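*Asks:* How does the following fold in three dimensions:
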Amino acid sequence: MVLNLQAGFVKYYRESVDNYNIPIKQAIYNPRGSTTYVKITLVDQGSLGFTFGDGTTEKTLSVGANSSITAGETLVPSTTPTETMKDHITLKIEYFKNSNYSGKFGEDTVQYQINYYIQNQDGSWTSSQYPNEDDIIYDQWTSNSFNVSANAGIVGIKGVLKLTHGGATTIYVQEVPGIVSDIAAQMKSYTSGYSYSSRYYYMTAYQYLKKVSDGNPPGNVIFAGIIKYDSGDNGKVSAGFSGVGDVLLISSSGGIGKFILYPSMFQQYIKEQGSRYVGSYSEYSIDVVFTIDGLIAFNPLP
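*Replies:* From the prediction side, this is the model:
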C-alpha cells in the first residue's frame, strides 16, 4: 500500500524558532496473534536531506499481538529552508515475524509532501518558487475578523472558511497588541448558571474550522495560528482534532503556543475549557479569556 500525506511548518516573520523540524506520526496496527517487528526506513531524504531526530534514517519497534501503537518521529532537515517551498520524503515500513527482523511478510510506503510556509517582512508568504499568494493561502483571519456577535461564525477575509462555535458562548472582547501581528483579537468563552448543590461546574467551548459554502470541514488545508491563555477559572486553551485530541495545550496563564494542524479526515478545532467549585444555592460564572493571532489556512503547495 502507498499512502500520500501532507505535513507542514509555519514560520511567522516576527517569530523566533529553534529549528525547522517536522513532527510526524504513524499509527501501526498488528492484527496477528503474536508480536510484529517493524522497521521504518527513510528511503528518500528529499532535497533538504531529512533524517530522523537522532541523525539516523532507520527506526525499529515492535507491536504486541492484536494491538496498535502510534510511532512518533521527528524529521530534521540537513539544510534550513529560507523561503516558502515544498519537499518530498518517502518512508518504507516493513513488517517481520521475528525479533531479528527476519521472516518479512509485508511492507507499506508512506510519501510525505513537506510544506514550508515562511513569512516575509512585508507580511506576505510568497517566494521565488511561489510568487502568487493565492496558491499558498486558502483563507486567513485578521483581528477585525473576530469582532462579531456572540457565537456568530467568524469568516476569513477571503470568505471561504469560517470558525463556527460549539459548546459555551464565545465573544469578542477587544483588540490587543499582537504576538506575530501588529494587532490581535482577545476573546472570552464563558458559561453561567445557578448551583443547587456544592460541586464542580465545567465550561467547554469550541471553534471548528469549516467551509462557508456547505459547513463541512475543509479537509485538505494546513491550519495554523498562535493562541495565548490570558486568564480564567482553572482554564486551558488548546488546538487539535475531534476524535483524536489536542495537539497543543496551554494551561498556564500568560502561556503562548503555536499550532499547526495537518490535513486530516478529522475536524480541526480550537478549544477553551474552565472549571470552578461552587457552593450550594449560588450563582456562578466560568470564564476563559484568550488571544488569537496569525490565524491562517494554507493550501498544500502545488
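*Asks:* Kindly confirm my reading that residue 224 is in a strand.
*Replies:* Yes. According to DSSP: H, G, I helix; E, B strand; the rest coil, residue 224 belongs to a strand.
*Asks:* Return the distance of it relative to residue 155.
*Replies:* Per Cβ to Cβ, to the nearest Å, residue 224 is found 18 Å from residue 155. For the C-beta atoms, the positions are set from N, CA and C on the backbone; glycine is no exception.
*Asks:* the more surrounded of those two?
*Replies:* Comparing residue 224 with residue 155 by other Cβ atoms under 10 Å, the one with more neighbours is residue 224, at 22 against 17.
*Asks:* Which strand residues bridge the more buried one?
*Replies:* Residue 224 has these beta-bridge partners by DSSP bridges: residue 260, residue 296.
*Asks:* Now do the same for it: its pLDDT.
*Replies:* Listed pLDDT for residue 224 reads 98.
*Asks:* May I ask you to confirm that it is in contact with residue 259?
*Replies:* Yes. Residue 224 is in contact with residue 259 according to Cβ atoms under 8 Å; the separation is 6.5 Å.
*Asks:* State the phi and psi torsions of residue 246.
*Replies:* With angles defined as degrees, to the nearest 10, residue 246 sits at phi -80, psi 140.
*Asks:* okay, now it: neighbour count?
*Replies:* 15.
*Asks:* That one against residue 239, yeah?
*Replies:* Yes. Using Cβ under 8 Å, residue 246 makes contact with residue 239 at a distance of 6.9 Å.
*Asks:* anything in contact with each of these two?
*Replies:* Residues touching both residue 246 and residue 239 (Cβ atoms under 8 Å, 6 or more residues apart in numbering) are residue 271.
*Asks:* mind giving me the domain split of this structure?
*Replies:* Recorded structural domains for the chain (assignment: automatic domain parsing) are 2-118, 136-298.
*Asks:* Most tightly packed of these?
*Replies:* Most buried of the domains of the chain, by mean neighbour count (mean count of other Cβ atoms under 10 Å): domain 136-298, with a mean of 18.
*Asks:* Any idea how far apart the tips of that domain sit?
*Replies:* 6 Å (Cα to Cα, to the nearest Å).
*Asks:* ditto for stretch 266-286
*Replies:* For stretch 266-286, the first-to-last residue distance is 28 Å (Cα to Cα).
*Asks:* again, but for stretch 75-86
*Replies:* 14 Å.
*Asks:* ok, the residue nearest the centre of the chain to residue 121 distance?
*Replies:* When Cα atoms, centre = their mean is applied to the chain, the residue found nearest the centroid is residue 261 (2.5 Å). In this view, residue 261 and residue 121 are 26 Å apart by Cβ to Cβ.
*Asks:* go on, residue 265?
*Replies:* Applying Cβ to Cβ, one obtains 37 Å for the distance of residue 265 from residue 121.
*Asks:* For the closest residue to residue 81 other than its chain neighbours, which three-state class applies?
*Replies:* Once flanking residues are discounted, residue 81 sits nearest to residue 116: 4.5 Å by Cβ to Cβ, 6 or more residues apart in numbering. Classification of residue 116 by three-state DSSP places it in strand.
*Asks:* ok so, going back, hang on, isn't the residue nearest to the centre of the chain packed against residue 242?
*Replies:* No. Look at residue 261 against residue 242 with Cβ under 8 Å: they stay out of range, at 11.3 Å.
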